[in-house]
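In: I would like the atomic coordinates for the input below:
(chains A and B)
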Amino acid sequence: MKFFLVFVGALLLGVSIYAQDVYSCRSTHLSFFSSSPLEDIEAKTDKGVSAVNKKTRDIYFKVAINTFQFRKKLMQEHFNENYLESDKFPFAEFRGKINESPELNKDGTYPVTVTGALNIHGVSKMYTAKGTITTRGNVITVSSTFNVRVADHGIKIPSLVVQNVAEVVAVTVNAAYISINN
Amino acid sequence: MKIISTMLLCCGISTYSQAQKDLGKIFDSTAITHTKVLDTYKSTRIVQGQSTEMLRKHELDFRVAHRFGDAGGQFGGSKTFFGTDNSTDIRIAFEYGISDNLMVGIGRSKGSGALQQLYEGLIKYRPLQQTTDNYIPVSLALFGNMVISGMPSTPDVTTASHFANGSDRIMYVAQAIVSRKFADKLSLTLMPTYVHRNHVAYMDMNNMFALGAAGRLKLSHRMGLLAEYYYPFRTQESKDYYKANKGVTFYNPLGVGLEIETGGHVFSITFTNSTAILENQFIPETVSSWLQGQFRWGFNISRRFTLFGKKDWKK
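Out: Presented below is the predicted three-dimensional model:
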């Protein structure tokens, strides 16, 4: 009995300290845009997940590749099947840190840079991206746009469609976080 | 006792500190379930017959299929440039995705067999789609069509093309298609099929069952090797009559092909012994044999367009 109480106590202590600083978002909006001479291609999802730790300034993003929606469904199928191979590499993931130390307990908008490793298609690459963090009451929002060179992540574009798909796509991320205590 | 509690305490702390380091742990429980298997075949057709692939909602598929003349045998060889001077069947069709699992189409075929000048209406519905976790182990599609011949009626009452009334011009196919994609490279399909022709020649069969089997071996992301075979259950009585009285032997349709996807197009290069394109004809009426050089090359071209949805998308 005693040991059980200690166990529960330890667990609660752990979770509460941990939860205090961690904010999460389970409907992170991600989109990407490819602009080429023949075609503009856009895809978006709001099923990404993200978490940020106010204290350590760690930031995390994860999205299932097959949740990205395209207007042309055939393109969506090819994106999953031929390019991102989502059956083998189901997720894209980012682990990074906010370089600055914004005063996140105070309301305001802070321009920041984030550095970390982005894994797409099973290939990791370090990125530093500019973004904005806004604190309003107990909600933190993050937004950022950065460029990804598809070849950097081992994604091959066949010569046949090289006029249709851009070599560099612009990725946009938007997340609104609440404390995981709530 | 004390040791155990201390150990558990340490455990709790270590879980906590690990979670601190890796924020991703929060989302471990949010795994994706029942992901649908995509691209069992590149196209709504395998070699000749239907696959379990569907058009998506608002997609229009413009299809052209062509079968050339016999590559070898009496009518083939260099004098017809291995059959390419002739065409046994040509089909032009528009097919449309009403939803992601329901499609309809209209087509016109030259027709190869007893009836020609064929107008086709088709519908295909996919109630089941295979999932990667095997929650649904196979994809199932149901296909039906109705074909009407526009050719003039022939005077000989024993032929299929003697139309005593309008309904004699009509043929139907009902088919179930069951597919499974194994690993990534291999797809296999079974197609139990029923063909009904309202009016047939003397000693032919109005109702015929057939079992089809097909498969694809993926060679690369954009190319696959196809094979398709149908076994029609024609009665021995009918076979014997045709052989004895008309010198006609029926063969089982076997097709092989290569499917090549290039963005919005899918090209299939096919080799078949059957001369016809529609199931209504190539299943019951194939009388040409691979072994006698009576096979032909052909192609299917599919071009898919996305109609509508532009406004909805911008929102």
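
In: Up against chain A, what does the stretch 51-200 of chain B have?
Out: Taking Cβ under 8 Å from any Cβ of the partner chain as the contact definition, the stretch 51-200 of chain B meets chain A at B:Arg56, B:Lys57, B:Glu59, B:Asp100, B:Thr132, B:Asp184. The way it works is simple: take the backbone N, C-alpha and C, and place the C-beta from them, glycine included.

In: Which of these fall within strands?
Out: B:Glu59 (DSSP state E).

In: Select only the buried ones of the residues of the stretch 51-200 of chain B next to chain A in ChimeraX?
Out: Here is the ChimeraX selection string for the buried members of these, based on 16 or more other Cβ atoms under 10 Å in any protein chain shown:
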select /B:56,57,59,100,132
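
In: between the residues of the stretch 51-200 of chain B next to chain A, which is nearest chain A?
Out: B:Arg56 (3.5 Å; Cβ to the nearest Cβ).

In: any low-confidence regions in the chain?
Out: Assuming you mean chain A. Along chain A, the parts satisfying pLDDT under 70 run over A:1-19, A:182.

In: oops, chain B please
Out: Residues of chain B meeting the criterion pLDDT under 70: B:1-21, B:29-32, B:309-315.

In: Would you quantify the distance from A:Arg71 to B:Gly97?
Out: A:Arg71 sits 14 Å away from B:Gly97 when distances are taken as Cβ to Cβ, to the nearest Å.

In: Looking at those two, which one has more neighbours?
Out: B:Gly97 (24 against 18; other Cβ atoms under 10 Å in any protein chain shown).

In: surely that one meets B:Thr44?
Out: No: between B:Gly97 and B:Thr44 there is no contact under Cβ atoms under 8 Å: 9.6 Å.

In: residues shared between the contacts of these two?
Out: Common neighbours of B:Gly97 and B:Thr44, using Cβ atoms under 8 Å, 6 or more residues apart in numbering or on different chains, are B:Met54, B:Leu55, B:Asp61, B:Met103.

In: Tabulate these (CSV), appending secondary structure and neighbour count.
Out: Formatted as CSV, those follow (DSSP: H, G, I helix; E, B strand; the rest coil; neighbours: other Cβ atoms under 10 Å in any protein chain shown):
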residue, secondary structure, neighbour count
B:Met54, coil, 23
B:Leu55, coil, 26
B:Asp61, strand, 20
B:Met103, strand, 25
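
In: Just give me the closest of those residues to chain A.
Out: Checking those against chain A by Cβ to the nearest Cβ gives B:Leu55 as the nearest, at 8.7 Å.

In: Quickly note the distance from that closest one to B:Asn206.
Out: Counting by Cβ to Cβ, the gap from B:Leu55 to B:Asn206 is 32 Å.

In: Ok, A:Ser50 next?
Out: With Cβ to Cβ as the criterion, A:Ser50 and B:Asn206 are 64 Å apart.

In: Pick out whichever of the two has more residues nearby.
Out: Counted by other Cβ under 10 Å, A:Ser50 and B:Asn206 do not tie: A:Ser50 has more neighbours, with 27 against 12.

In: Flag every buried residue along the one helix or strand the more buried one maps to.
Out: Using DSSP states H and E, A:Ser50 maps to strand A:40-53. Along strand A:40-53, these residues count as buried under the neighbour rule (16+ other Cβ under 10 Å): A:Ile41, A:Glu42, A:Ala43, A:Lys44, A:Thr45, A:Lys47, A:Gly48, A:Val49, A:Ser50, A:Ala51, A:Val52, A:Asn53.

In: Same list (those) but as TSV, adding distance to chain B.
Out: Formatted as TSV, the buried residues of strand A:40-53 follow (distance: Cβ to the nearest Cβ, whole Å):
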residue	distance to chain B
A:Ile41	11
A:Glu42	8
A:Ala43	10
A:Lys44	9
A:Thr45	12
A:Lys47	9
A:Gly48	10
A:Val49	5
A:Ser50	8
A:Ala51	4
A:Val52	7
A:Asn53	6
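
In: Pull up the pairing partners for the strand holding A:Ser50, direction included.
Out: Using DSSP bridges, strand A:40-53 pairs in its sheet with strand A:22-35 (antiparallel), strand A:58-64 (antiparallel), strand A:69-70 (antiparallel).

In: Can you list the neighbours in contact with stretch B:233-247?
Out: Defining contact as Cβ under 8 Å, 6+ apart, one finds that stretch B:233-247 is touched by B:Met203, B:Asp204, B:Met205, B:Met208, B:Phe209, B:Ala210, B:Leu211, B:Val248, B:Thr249, B:Phe250, B:Pro284.

In: What's the PyMOL line that selects buried ones from these?
Out: If you want just the buried ones from these in PyMOL, going by 16+ other Cβ under 10 Å, the selection is:
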select buried, chain B and resi 204+205+208+210+250+284
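
In: ok, and the closest non-adjacent residue to whichever residue of the stretch 101-250 of chain B sits closest to chain A?
Out: Nearest residue of the stretch 101-250 of chain B to chain A: B:His221, at 4.2 Å (Cβ to the nearest Cβ). The shortest distance from B:His221 to any non-neighbouring residue, by Cβ to Cβ, 6 or more residues apart in numbering or on different chains, is to A:Asn82 (4.2 Å).

In: which stretches of the stretch 1-150 of chain B form strands?
Out: B:59-68, B:87-99, B:102-109, B:118-128, B:139-149 (DSSP state E, counting those that start in this stretch).

In: in the sheet, who's paired with the residue nearest the centre of chain A?
Out: Centroid-nearest residue in chain A: A:Phe61, 3.2 Å away (criterion: Cα atoms, centre = their mean). Beta-bridge partners for A:Phe61, by DSSP bridges, are A:Ser50, A:Phe94.

In: Next up, the contacts around it.
Out: A:Thr28, A:Leu30, A:Gly48, A:Val49, A:Ser50, A:Ala92, A:Glu93, A:Phe94, A:Val173, A:Ala175.

In: A:Ser179 versus the residue lying closest to the second one once chain neighbours are set aside, what's the distance?
Out: I take that to be A:Leu30. Once flanking residues are discounted, A:Leu30 sits nearest to A:Gly48: 4.8 Å by Cβ to Cβ, 6+ apart. If you measure A:Gly48 against A:Ser179 using Cβ to Cβ, the figure is 19 Å.

In: And B:Glu95, by the same measure?
Out: From B:Glu95 to A:Ser179 the distance is 52 Å (Cβ to Cβ).

In: Looking at these two now, which is surrounded by more residues?
Out: B:Glu95 (21 against 15).

In: Need the nearest residue in space to that one, chain neighbours excluded.
Out: Nearest one to B:Glu95, counting by Cβ to Cβ, 6+ apart, is B:Gly105 at 3.3 Å.

In: just the strands in chain A please.
Out: Using DSSP E, strands in chain A cover A:22-35, A:40-53, A:58-64, A:69-70, A:91-98, A:108-120, A:123-136, A:139-149, A:168-179.

In: And these: which comes nearest B:Gln175?
Out: Evaluated over the strands of chain A, closeness to B:Gln175 peaks at strand A:69-70, with 30.7 Å, by Cβ to Cβ.

In: rewinding a little: what about the residue nearest to B:Glu95, how many residues close to it?
Out: 20.
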